[in-house]
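S.K.: The following comprises the amino acid sequence and a computationally predicted model.
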Amino acid sequence: MRPIRTILAFLICVYLLPGLAAAAIWATKEHPANWRAAKWTSSHVLPNPQTNHEARVTIFAATTGGLKGAFAVHSWIVLKKHGAPRYDRYDVVGWGQPVRKNGYEPDGYWYSNQPQKVWEITGDRAEALIPDIEDAIAAYPHNIKGGYRLWPGPNSNTFVASILRAVHEIDAVLPANAIGRDYLAEGRLYHYDPSGDLHVTLYGLLGISAGVKSGFEMHIMGLVAGFDFRHPGIKVPAFGRVGG
């Protein structure tokens, strides 16, 4: 019985209590009554493409809407080739055709929440990556009607995480509170990134990730806890990370 109590204590302290704390904090804040009342306009985080001509790749994440916002973020990808007059935004939504191109402002608020840059690269390196990213987007296997599931995936974070895994030159992982990122595309059980990251998962419900990019992570029911060694910090369920 003692090992069982130890495991339960671990799950409560590491996963349940942060989730409850995040829900309590969320409840104290004001939120849009519905999606129509939410702010979706540009946050002006990105430079004006009419005057800034360099190529750019940006991964964004923003707190999502409703009670989900207590625990999770929504992520998307923004691309711009050198000299292009506008940005192209790609993200997945839960209705109709999952992958949407330019359905929202490239750096728009998400349910009134400010977007945060997860990763960005500009110039020649961005220009070189864009064709590979576009190929990975086109090959995303869940871009069919019905190819979206809020939990444990495939969802919007599954989509972005799959692009990051397909284009291993992208030196980033999604935040720990990007629920759905650990569901591997096509329901695969493991993935090895040439950068040295290994992901093992049971359909995003239970698994581990370890390597240069991920540090060490353990995910249970979509919630992620772990350590980032490269940029020292602690990955906390519902909050993302602390430190670093």
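M.R.: Thanks, I have it.
S.K.: can you give me the helices for the protein?
M.R.: Ranges of helices within the chain are 2-11, 17-27, 124-138, 156-166, based on DSSP state H.
S.K.: Mind checking these for the one nearest to I234?
M.R.: helix 17-27 (10.5 Å; CB to CB). Where C-beta positions appear, they are placed from N, C-alpha and C, glycine not excepted.
S.K.: Alpha carbons only: can I get the closest one in CSV?
M.R.: Listed next in CSV are the C-alpha coordinates belonging to helix 17-27 (Å, rounded to 0.1, in the frame of the first residue of the first chain):
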residue,chain,number,x,y,z
LEU,A,17,-2.7,20.9,-7.1
PRO,A,18,-1.2,23.1,-9.8
GLY,A,19,-4.3,22.5,-11.9
LEU,A,20,-6.6,23.5,-9.0
ALA,A,21,-4.5,26.6,-8.4
ALA,A,22,-4.6,27.6,-12.0
ALA,A,23,-8.4,27.2,-12.0
ALA,A,24,-8.7,29.4,-8.9
ILE,A,25,-6.5,32.1,-10.5
TRP,A,26,-8.5,31.9,-13.7
ALA,A,27,-11.8,32.4,-11.8
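S.K.: That helix: which residues count as buried?
M.R.: Judged by neighbour count (16 or more other CB atoms under 10 Å), helix 17-27 contains these buried residues: P18, G19, A22, W26.
S.K.: now do stretch 222-242
M.R.: For stretch 222-242, by 16+ other CB under 10 Å, it's 222-226, 228, 233, 235-241.
S.K.: for the helices of the chain, which one sits closest to H44?
M.R.: Among the helices of the chain, the nearest to H44 by CB to CB is helix 124-138 (19.9 Å).
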